[in-house]
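S.K.: task: produce atomic coordinates for the following.
(chains A and B)
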Amino acid sequence: MALPQISTADQAKLQLMQEMEIEMMSDLYNRMTNACHKKCIPPRYSESELGKGEMVCIDRCVAKYLDIHEKIGKKLTAMSMQDEELMKKMSS
Amino acid sequence: MAKTPENIALDQLDKDQIKTFSDFLMSYNKLSETCFTDCIRDFTSRDVKDSEEKCSLNCMEKYLKMNQRVSQRFQEFQVIAHENALAMAQKTGKL
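M.R.: Numbers count the residues shown, from 1 in each chain, chains lettered A, B, ... in the order given. Purely as a prediction, here's the structure:
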């Protein structure tokens, strides 16, 4: 099966989109790290090892953060689709 | 002079290296800020106290360990998300 030919303009667009996605992912990662640090590591540094409770907290924090990220994304898409439909109805 | 593919690849490598380096510098600054605000509260003397230094260094080490753990978990989630997307694509492709 041959791949369909993609024009250079489309290729550039695709690459830009990919770069934006990588950028967005690293931003998400940084924000998540900061949020979980704030929430899970109390600012008393009597030792440099992670405590057991802190480890569990970090695991849950990451899982929850990504869950919420996904949920908000879904809701946002649903809302914008609804908006678009409304706009279509209004204009027709 | 026209760019050979090697040149373009080299440019890309440079770009990636610069990005990595700037990311490193950013996280270094962020780390300093966090540990400074968490550990240094007493401004009645100019000298960094032993306890303050110890706290700052512990803070740094702990932050790096936390970062390692977060990155591990994040990767795990991404693998799962990728597998789900792949399965979805196969399913819709078959239908």
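S.K.: mind listing the strands for chain A?
M.R.: Using DSSP state E, no strands are assigned anywhere in chain A.
S.K.: the lowest-mean-pLDDT helix or strand in chain B vs chain A: in contact?
M.R.: Across the helices and strands of chain B, mean confidence by mean pLDDT, DSSP states H and E is lowest for helix B:5-39: a mean of 86. Yes - Helix B:5-39 is in contact with chain A by C-beta under 8 Å from any C-beta of the partner chain, via B:23, B:30, B:34-35, B:37-39. (Glycine included, C-beta is placed from N, CA and C.)
S.K.: which pair in these spans the largest distance?
M.R.: Within the residues of helix B:5-39 next to chain A, B:23 and B:39 form the most distant pair, 24.0 Å apart (C-beta to C-beta).
S.K.: point to the residue nearest the middle of chain A.
M.R.: Centroid-nearest residue in chain A, with C-alpha atoms, centre = their mean: residue A:28, separated by 5.1 Å.
S.K.: any idea how far that residue is from residue A:68?
M.R.: Taking C-beta to C-beta, to the nearest Å as the measure, residue A:28 falls 11 Å from residue A:68.
S.K.: could you do residue A:31 as well?
M.R.: Distance, residue A:31 to residue A:68, by C-beta to C-beta: 12 Å.
S.K.: likewise residue B:8?
M.R.: Applying C-beta to C-beta to residue B:8 and residue A:68 gives a distance of 40 Å.
S.K.: any idea where the helices of chain A begin and end?
M.R.: Assigned by DSSP state H, chain A shows helices spanning A:8-40, A:52-91.
S.K.: what's the closest of these to residue B:64?
M.R.: Comparing the helices of chain A by their distance to residue B:64 (C-beta to C-beta), the top pick is helix A:8-40, with 11.0 Å.
S.K.: quick one: that closest one near chain B?
M.R.: Yes - part of helix A:8-40 sits near chain B under the criterion C-beta under 8 Å from any C-beta, namely A:26, A:29, A:32-34, A:36-37, A:40.
S.K.: name the helices or strands packed onto that helix?
M.R.: With contacts defined as 3 or more C-beta pairs under 8 Å, 6 or more residues apart in numbering or on different chains; DSSP states H and E, the packing partners of helix A:8-40 are helix A:52-91, helix B:5-39, helix B:50-94.
S.K.: give me the mean pLDDT for it.
M.R.: Per-region confidence: helix A:8-40 scores 92 on mean pLDDT.
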